[in-house]
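> turn this into a model:
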Amino acid sequence: MDFVQYKCPCCGAALEFSPETQKLSCESCGNQYDLETLKQYRREEQEPREQDLKWEYEGSVSGAERIGEGKYLCPSCGAEIEADENMASTTCPYCDNVVVIRAALSGKYEPDMIIPFQIKGERARQMFEDFCKDKRLLPKNFRDKSYLKNLKGYYVPYWLFDCKADVKMSFDATRVRAWSDSDYNYIDTSYYFVNRAGNMEFYHVPVDGSIEMEDDITESIEPFDYSGLTAFNPAYLAGYETDKYDVDAKTAEGRAKERLYSSAENIIRGTVNGYSSVVTKWRNLSLTSGKVHYVLLPVWLFESVYNGKKYQFAINGQTGKMVGELPVDKKTFWRYVWKYTAIGTLLGALIQILGGVL
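This next block holds a predicted model:
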């Protein structure tokens, strides 16, 4: 027969059966466990940590994609417009009218819903200008406001994930007590094995469907107010640029699951209080009732390339929340460094001179 060694869930030391308590005892950390508790622990350890979920898509998954050779006629002036394969609306370079490319939004590329812009262009430009004001290390073109022409309104493609989750987690925890007497310093560490379980429901967990948009930017301008979602109508695109998704829902699932699991773990972890340390030991997440929506969300986007590096700055087109990074003019930076270094050196010299005089 196979030999089985029972180990303490808290500290990993070997357990011994105690005839007095009829429990398995750990001489290392002093904890005791009844047989049923250990059986349950071993069953949970053998369960899969994560379970796959087949997501149900709200929109159609079949239909025509973009047609033609990427060339379209402007309905306003008749000029020929070139558009890449992901563009769903663009501005005519000849008459400045916005052209909505309906073929790009047909079939599987037709959004389920949209949140229309609430922040107008004038307001967005003023917000961005106020943010850049008094930032003296910005490149020269920021000082004459020519950068404002790069701030454009985009409808960014997003996938929204809904699901229910059953979560089970266990943690290794400790409580540390320290005291001293006239001879020694004492530290007493108690070890605990903590179990938690709960049911959660997630509503509209967003993942952007654009390769060009950086995830840290799109996730930082959250949250959107999803009560503003409305049925998609191409008329909402007038005046803004729009790309169809180039990150499909299947690919976006990976990021959605990361966000779901991280949120679930943070919520459960938040219920484990009163310990000196808490380390996640094991988790099991079972997702059910999964649904996916394809939507367009409004973003004012500033993009710039400076010294070969791409910079993105975004404003939530619904709430006005701003995030991003702006370039720094290195020449201006070093000019300020030398300027203040020289001032500091001069002040130091004056202090020495005055000190000598006094």
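
> what sits against Val207?
Tyr158, Trp159, Phe161, Val247, Ala252, Arg255, Ala256, Arg259 (Cβ atoms under 8 Å, 6 or more residues apart in numbering). Placement of C-beta: from N, CA and C, glycine included.

> quick one: least confident of these?
For the contacts of Val207, the weakest pLDDT value sits at Val247, with 87.

> any idea how far Ala124 is from Leu301?
10 Å (Cβ to Cβ, to the nearest Å).

> re the thing from before, for the contacts of Val207, give me CSV that also has distance to Ser28.
Shown next, in CSV, are the contacts of Val207 (distance: Cβ to Cβ, whole Å):
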residue, distance to Ser28
Tyr158, 51
Trp159, 49
Phe161, 44
Val247, 50
Ala252, 46
Arg255, 41
Ala256, 42
Arg259, 38
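
> of all those, which two lie farthest apart?
Val247 and Arg259 (14.5 Å; Cβ to Cβ).

> one step back: can I get the contacts of Val207 in a markdown table including secondary structure, neighbour count and distance to Tyr275?
As requested, those are arranged in a markdown table below (DSSP: H, G, I helix; E, B strand; the rest coil; neighbours: other Cβ atoms under 10 Å; distance: Cβ to Cβ, whole Å):
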| residue | secondary structure | neighbour count | distance to Tyr275 |
| --- | --- | --- | --- |
| Tyr158 | strand | 26 | 38 |
| Trp159 | strand | 26 | 38 |
| Phe161 | strand | 25 | 33 |
| Val247 | coil | 19 | 40 |
| Ala252 | helix | 23 | 36 |
| Arg255 | helix | 18 | 31 |
| Ala256 | helix | 22 | 31 |
| Arg259 | helix | 16 | 26 |
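
> Pro9: which of these is nearest?
Using Cβ to Cβ, the contacts of Val207 come closest to Pro9 at Arg259, 29.2 Å.

> hmm, Val205 and the closest one touching each other?
Yes - Arg259 lies in contact with Val205 (Cβ atoms under 8 Å); the separation is 5.5 Å.

> mutual contacts of Ala124 and Leu301, please.
Leu151, Gly153, Ile315.

> is there a neighbour count for the last one? I'd like the number.
Neighbours of Ile315 under the rule other Cβ atoms under 10 Å: 26.

> A helix includes it, no?
No - using DSSP: H, G, I helix; E, B strand; the rest coil, the assignment for Ile315 is strand, not a helix.

> what about Phe128, how many neighbours?
Phe128 has 22 neighbours, counted by other Cβ under 10 Å.

> over to Asp215?
Neighbour count of Asp215, defined by other Cβ under 10 Å: 12.

> check the one 3 residues further on too.
The number of residues packed near Thr218 is 22, by other Cβ under 10 Å.

> any idea which helix or strand comes after the helix or strand that contains it?
Using DSSP states H and E, the element containing Thr218 is helix 215-220. Toward the C-terminal end, the helix or strand that comes next after helix 215-220 (DSSP H and E) is strand 230-231.
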